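Novice: attaching a predicted model along with its sequence, questions to come.
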Amino acid sequence: MRQKIILRVISKFLIPYILLFALYVQWHGDFGPGGGFQAGVIFAAGFILYAIIFGVATAREVLSATTTRVLLVIGVLLYSGVGVAGILLGGNYLDYNVLADTPIGGQHVGIILVEFGVGITVAASVITIFCTFAGRRPEEHEEEYGEN
Amino acid sequence: MIAQHLPILQIVLPLMAAPVCMVIRHPQVVWIWATLITFLCLPISIALLVQVMAEGVIVYELGGWAAPWGIEYRIDKLNAFVLVIVTAIGAVVMPYARRTVDTEIPVSRVYLFYTMLLLCEAGLLGITITGDAFNLFVFLEVSSLSSYVLISFGKDRRALTAAYRYLIMGTIGATFYIVGVGLMYNATGSLNIYDLSKLIPELGGSRTIQAALAFLTVGLGLKLALFPMHMWLPNAYTYAPSAVTVFLAATATKVAVYALIRVTYTIFGTVDILEIVPVQDMFMVMAVIAMFVGSLVATYQVNVKRMLAYSSVAQIGYMMLGLSFDTVTGVAAGIVHLFNHAAMKGGLFMALGAVAYRVGGVRLEHMAGLGKKMPWTMASLVAGGLGLIGVPLTVGFVSKWYLIQAALEKGWWMIAVLIVICSLLAVVYVWRVVEVIYFRPVSEIAQEAKEAPLSMLIPTWVLIGASIYFGIDATTTLDVAFAAARTLLGDGG
């Protein structure tokens, strides 16, 4: 797609707004419609648009396989970590009330962190799924086994 | 403080440890990490079982939201027992896995293997511990998706088609289950299992509830490989990596049986199901057919792993037969067989994994004359085989004894005779292997074979030893099983 100048310019113009909109959906999730899952998918969509127009290899320079893998993990651990924090602060698992001074404040803190975890993991998984299908790594076919 | 949070730690520990494996990535370190986690899970489940036996039901409200609005973990005698089975098998499989993983999984994917194994354990434990019908579905998917991946790790390329087939059947099963849950929610407005058990009786006669029961039964029947829905199982077990076969054969179907017990005896327990749909009768017919078809097909398998897989189909038949009696003895026999079969089949598949490790295959020709080459492994194979037959002093005998007793209590002596005939079929398929092991000359393939390494032999004998120990002194397991059965059937306790 390198020669399609309109596609390249328009998508370059659009991608920042797609990412920004993803962040809006993410952080507005506890007041209105939105939340981590939708935000993650929108963010990944912006990234995938970049990969389609400029090539998967270029996109992978921004977010390498290792980075997405670590992001996958961070998201899950953030979610479950908030739960554990609830235990450490004297509540039950995933009890947000104890996370801040007031229960309502705690609920806000809890849901924002949890949804952020969901957002990170969803974005990372969608990107991983896309990249796995789009760019097959040839070296994977030569598999080596451990010492007997 | 920790004691109060044990129910959630049981799930969160493996669930949080699994993604950490993705970051560690180093094969040996990941193995140490995963082993450590499974070793921590076992004492937690034992502590929970001890607490439940002493003090009764434990309820844990997630997020501090009371049921039926929030999700609660609800542990009674039955699921505490199943938790111990799953964590014990997990803890025994991990030390065993290292050697087999080295030869069966490419180095670059070993970390994914342990991630999936931990996730699968977390999913199975979640199904067992949760008191929420929808949460159960979520964990069902966690465990199923990870087990599809685990099976596809198999070295044989047919593992991929086996995993794909299991994926299709498993997804249909999970979909049926969730449709059933949806129908119950539609009729009652609740997803909490305990709450449902109180709301369903008033609506027992409605078409929606009957349809829900049908969907739930078929969905879970697919998951536990009840007779006509067992077609995914033999290939999945045969082509999966050795450690995976051990883990899934000893836990996955057991947990699905547990879920079915929950549905039929807890949710629909207070309704007289027989008046609505003859579920119990259908279970009995399918169980008996499973016992016979499984054992018969097992007798002519050339691949020993496949033979044991068909034998699993038959053994699931025994469990379901126990449940279909609808009496304390019958249900207790079914529950105790969950444990007994996990011990024997786990040990047997471990012995086969050792053969695959040393000889490179588990067809009958690979096994010829191994009695001299690998005496300890082969002895464990024979001891486990005796358990499958139901010889006295093995756990198999305990299960069958109580099954027959339950049948006689009901006056169904035909069923008792069928159980005995089916045990004779087990003699046939076990003897075929024993004959090849001890009375055939060593084959060319096995010339170089030597005894399995200790890291594989010890876990094998732990499980086989358990299957003998609890066959001689079955009071512990039977006490728990009978107590659980009494609670389920509302007979006090």
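Specialist: Looks like it arrived, so ask away.

Novice: and for B:A314, the neighbour number?
Specialist: Close neighbours of B:A314, defined as other Cβ atoms under 10 Å in any protein chain shown, add up to 25. All C-beta atoms are positioned from the backbone trio N, CA, C, and that covers glycine.

Novice: next up, the contacts around it.
Specialist: B:A290, B:M291, B:F292, B:V293, B:G294, B:S295, B:A298, B:C422, B:L425, B:A426 (Cβ atoms under 8 Å, 6 or more residues apart in numbering or on different chains).

Novice: give me the three-state assignment for the last one.
Specialist: Reducing the assignment to helix, strand or coil with DSSP: H, G, I helix; E, B strand; the rest coil, the entry for B:A426 is helix.

Novice: low-confidence ranges in the chain?
Specialist: Since you didn't name a chain, this refers to chain A. Where chain A drops to pLDDT under 70, the residues are A:1-2, A:136-148.

Novice: I was thinking of chain B, sorry if that wasn't clear
Specialist: Where chain B drops to pLDDT under 70, the residues are B:1, B:204, B:272-276, B:491-493.

Novice: got the residue ranges for the strands in it?
Specialist: Counting by DSSP state E, chain B has these strands, from start to end: B:58-61, B:72-75.

Novice: for chain A, same thing?
Specialist: Counting by DSSP E, chain A forms no strands at all.

Novice: picking up where we left off before, and the contacts of B:A314, which is closest to chain A?
Specialist: Set against chain A, the nearest of the contacts of B:A314 by Cβ to the nearest Cβ is B:A298 (31.3 Å).

Novice: distance of that closest one relative to B:Y310?
Specialist: The spacing between B:A298 and B:Y310, counted by Cβ to Cβ, to the nearest Å, is 4 Å.

Novice: how about B:K400, what does it touch?
Specialist: Per Cβ under 8 Å, 6+ apart, neighbours of B:K400: B:Y318, B:G390, B:I419, B:S423.

Novice: among these, which are in helices?
Specialist: The members of those that map onto helices under DSSP state H are B:Y318, B:I419, B:S423.

Novice: burial of B:E202, as a residue count?
Specialist: If we define neighbours as other Cβ under 10 Å, then B:E202 has 12 of them.

Novice: one more: the one 10 residues further on?
Specialist: For B:A212, the count of nearby residues is 27 (other Cβ under 10 Å).

Novice: nearest spatial neighbour of it, skipping sequence neighbours?
Specialist: B:L183 (3.7 Å; Cβ to Cβ, 6 or more residues apart in numbering or on different chains).

Novice: so that neighbour touches B:A214, yeah?
Specialist: No. B:L183 is beyond contact range of B:A214, at 9.2 Å (criterion: Cβ atoms under 8 Å).

Novice: more neighbours: the two, which one.
Specialist: Each of B:L183 and B:A214 has its neighbours counted (other Cβ under 10 Å); B:L183 has more, 21 against 16.

Novice: contacts only, for that one.
Specialist: B:T208, B:I209, B:A211, B:A212, B:F215.

Novice: which residue does the stretch 201-350 of chain B have closest to chain A?
Specialist: Closest point on the stretch 201-350 of chain B to chain A, by Cβ to the nearest Cβ, is B:P241, at 12.0 Å.

Novice: who in chain B is up against chain A?
Specialist: Within chain B, the positions near chain A by Cβ under 8 Å from any Cβ of the partner chain are B:5, B:8, B:12, B:15-16, B:19-20, B:22-23, B:27, B:60-64, B:101-110.

Novice: out of these, which are inside helices?
Specialist: B:8, B:12, B:15-16, B:19-20, B:22-23, B:27, B:101-104, B:110.

Novice: circling back: which of the contacts of B:A314 count as buried?
Specialist: Among the contacts of B:A314, those buried by neighbour count (16 or more other Cβ atoms under 10 Å in any protein chain shown) are B:A290, B:M291, B:F292, B:V293, B:G294, B:S295, B:A298, B:C422, B:L425, B:A426.

Novice: leaving out chain neighbours, which residue sits closest to the last one?
Specialist: Which is B:A426. B:I389 (4.5 Å).

Novice: pull the contacting residues for the closest residue to B:N303 other than its chain neighbours.
Specialist: Excluding the flanking residues, the one nearest B:N303 by Cβ to Cβ, 6+ apart is B:R363, at 5.1 Å. Neighbour list for B:R363: B:V302, B:N303, B:V304 [criterion: Cβ under 8 Å, 6+ apart].

Novice: the second one touches B:T238, doesn't it?
Specialist: It stands for B:N303. Yes. B:N303 is within contact range of B:T238, at 6.1 Å (criterion: Cβ under 8 Å).

Novice: which one of these two is surrounded by more residues?
Specialist: Neighbour totals were compared for B:N303 and B:T238, and B:T238 leads with 24 against 17 (other Cβ under 10 Å).

Novice: give the contact list for that one.
Specialist: With Cβ under 8 Å, 6+ apart, B:T238 has these contacts: B:A162, B:T245, B:N303, B:K305, B:R306, B:A309.

Novice: and B:A252, by the same measure?
Specialist: B:C120, B:L124, B:S143, B:S147, B:K223.

Novice: same question, A:V82
Specialist: Listed by Cβ under 8 Å, 6+ apart, the contact set of A:V82 reads A:L94, A:Y96, A:L99, A:G110, A:L113, A:V114, A:G117.

Novice: from those residues, which would you call buried?
Specialist: A:L94, A:Y96, A:L99, A:G110, A:L113, A:V114, A:G117.

Novice: from these, which is closest to chain B?
Specialist: A:L94 (4.0 Å).
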